[in-house]
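[1] here is my input; please provide its structure:
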Amino acid sequence: MRLSAGPAYSLAVFTYMFNVGSVGFWLPLYARGLSFSYTEVTGLAAVYFTVLLAAVPAAGVLADVTGKPRGFTVAGMALLGAASVELAHATSFPALAALRGLQALGSAMAFPVSVGALTRIFGVGEGVKLSAALQGAGMAFGAFVAGVLYEHAGWPAVAYSYAALALATAAVVAASEPPPRAPRPVGVRGVLEALRKAPLGVKAVLAVLVARNTFATGAFSVLSIIFSRMVGLPTLLTGVALAVNPAVQALSAGPSSRIARRREVTAYSLGIALTGVTMYLYSAASGVADAVAAQALQGFSYALINVSANRYIISRMPAEARYTAASLFPLAFNGGWITGNLIAGPFMDALGVRAWLHVAGAGCLLLGLTSLAALRAVEARARLPVKHQPWRAEPCGS
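    Sure thing, here's the model as predicted:
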């Protein structure tokens, strides 16, 4: 008897974000301990997100075309686990970059497909809300557990612990039922046509996300360094601070979903603007209370962004291209991480981390204010009568 699909794909989303909280958050501190420059630290993130940028849409399209999302999720989790084993003792930039690239490929195969599967199983609204909660929970547990392991057993324990979780998740998904199939088969041409005819509002939301991440990603790439070196927190308190953001994300998934219901544009723009406020709080932090407050606000702001953007995008794309639609948010997210890391690393080496935080804060605040007006204008235009609409959008539900 196979396991239920809902818990299996929920575990996959949780496990992916556990990687972000553990390996993703603590690798920069490990790399700085190896005397890497900020350019090299952010370069590792740039490699990871460059691979994601290329592989995420390909995985979404192939999952829609083949109708076999389970195989992609299993293979992705297995690759994440295998690469994590090798990360345990890698010490050179080329080795770390290559292994993070392999983890990015595994992430691209597993994460968007798992999110898409949850929206098939539970509906768009509930699936997005559940996914947001699981993402926050996975990142929070990953950050805290990795902090304890890093303090008492070092970097290898962080890498090995994640490898065990990823390989176990691959086995669980392999033994589970497949998620519900698409309402009708769709080929490559059908998926590409759906992308070509994506509403203007979807494209605008994605463009704003790229810009937001370009500003904010420099801070997120070096958070463990900010808290341990700039704020002066010990390792365990750094782990606690890192866990607060995603923990608040998980707790805010339900409230964010209610706020975003029929108000996706407003919720989305608010989340972007609050990211700017968070950048200033990071810059001014002088103790654990300040770090926790900044992380709590960032967790709430990202929950708003995650839930509102995914509800907006997935509900306006055809159900037949669900996995492709679920890949669009991470596609734009990763694109912003790449541009941000390429700019922020050299900037921080030249002018320091705080200078970048001030630039990022101003950029996100301005972006949040302007995106509200811009997206509302796009929505007003979209409500004009049209002669032909080949794709029927699926309602968000609850």
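[2] tell me who's in contact with Phe141.
    Residues near Phe141 by C-beta atoms under 8 Å, 6 or more residues apart in numbering: 18, 21, 243. From N, CA and C alone the C-beta is placed, and that goes for glycine too.
[3] show me which of those residues is closest to Leu102.
    Phe18 (17.1 Å; C-beta to C-beta).
[4] which ones are touching the closest one?
    By C-beta under 8 Å, 6+ apart, the contact set of Phe18 is 138-139, 141-142, 162, 165.
[5] assumed it was part of a helix.
    Yes. Counting by DSSP: H, G, I helix; E, B strand; the rest coil, Phe18 is located in a helix.
[6] all strands of the stretch 151-300 of the chain, in order?
    For the stretch 151-300 of the chain, applying DSSP state E, counting those that start in this stretch gives no strands.
[7] if we ignore the residues flanking it in sequence, what's nearest Val248?
    Distances taken as C-beta to C-beta, 6 or more residues apart in numbering place Gly299 nearest to Val248, at 2.8 Å, with adjacent residues excluded.
[8] could you do Ala75 as well?
    In space, and not counting its chain neighbours, Ala75 is closest to Met109: 5.6 Å by C-beta to C-beta, 6+ apart.
[9] how many residues are close by Ala377?
    For Ala377, the neighbour count with other C-beta atoms under 10 Å is 12.
[10] begin at 791 from now on, thanks
    Understood, numbering begins at 791; the last thing we discussed is Ala1167.
[11] element containing it?
    Ala1167 belongs to helix 1143-1172 when assigned by DSSP states H and E.
[12] tell me the buried residues in that helix?
    1143, 1146-1147, 1149-1151, 1153-1155, 1157-1158, 1161-1162, 1164-1165, 1168-1169 (16 or more other C-beta atoms under 10 Å).
[13] point out where this structure drops to low pLDDT.
    Low-confidence segments of the chain (pLDDT under 70): 791, 972-977, 1171-1188.
[14] dump the residue contacts of the residue nearest the centre of it.
    Nearest to the mean C-alpha position of the chain, counting by C-alpha atoms, centre = their mean, stands Pro1120 at 6.0 Å. For Pro1120, the contact set (C-beta under 8 Å, 6+ apart) comprises 842, 846, 901-902.
[15] switch the cut-off to 6 Å
    846, 902 (C-beta atoms under 6 Å, 6 or more residues apart in numbering).
[16] quick one: it and Thr881, what's the gap?
    The gap separating Pro1120 from Thr881 is 30 Å, by C-beta to C-beta, to the nearest Å.
[17] now Arg890
    According to C-beta to C-beta, Arg890 stands 14 Å off from Thr881.
[18] looking at those two, which is more packed in?
    Arg890 (24 against 10).
[19] hmm, Phe839 and that one touching each other?
    No. Counting by C-beta atoms under 6 Å, Arg890 stays clear of Phe839, with 9.5 Å between them.
[20] so who does Phe883 touch?
    Glu830.
[21] which phi and psi does it have?
    Phe883 adopts backbone torsions of phi -60, psi -50, taken as degrees, to the nearest 10.
[22] so Leu1121 touches Ala845, yeah?
    No. Contact between Leu1121 and Ala845 fails when scored by C-beta under 6 Å: they sit 9.8 Å apart.
[23] where along the stretch 841-990 of the chain do the helices fall?
    Along the stretch 841-990 of the chain, counting by DSSP state H, counting those that start in this stretch, helices occupy 859-877, 883-912, 914-943, 945-964, 978-986, 990-1011.
[24] helices or strands next to the fourth one in the packing?
    The contact analysis (3 or more C-beta pairs under 6 Å, 6 or more residues apart in numbering; DSSP states H and E) places helix 945-964 against helix 795-809, helix 859-877, helix 914-943.
[25] give the buried residues for the last one.
    Taking 16+ other C-beta under 10 Å as the basis for neighbour counts, the residues of helix 914-943 that come out buried are 914-940.
[26] repeat that for the first one.
    Of the residues in helix 795-809, those buried under the neighbour-count criterion (16+ other C-beta under 10 Å) are 795-796, 798-809.
[27] what's the closest of the residues you listed to Thr909?
    Using C-beta to C-beta, Tyr799 is the member of those that lies nearest Thr909, at 10.0 Å.
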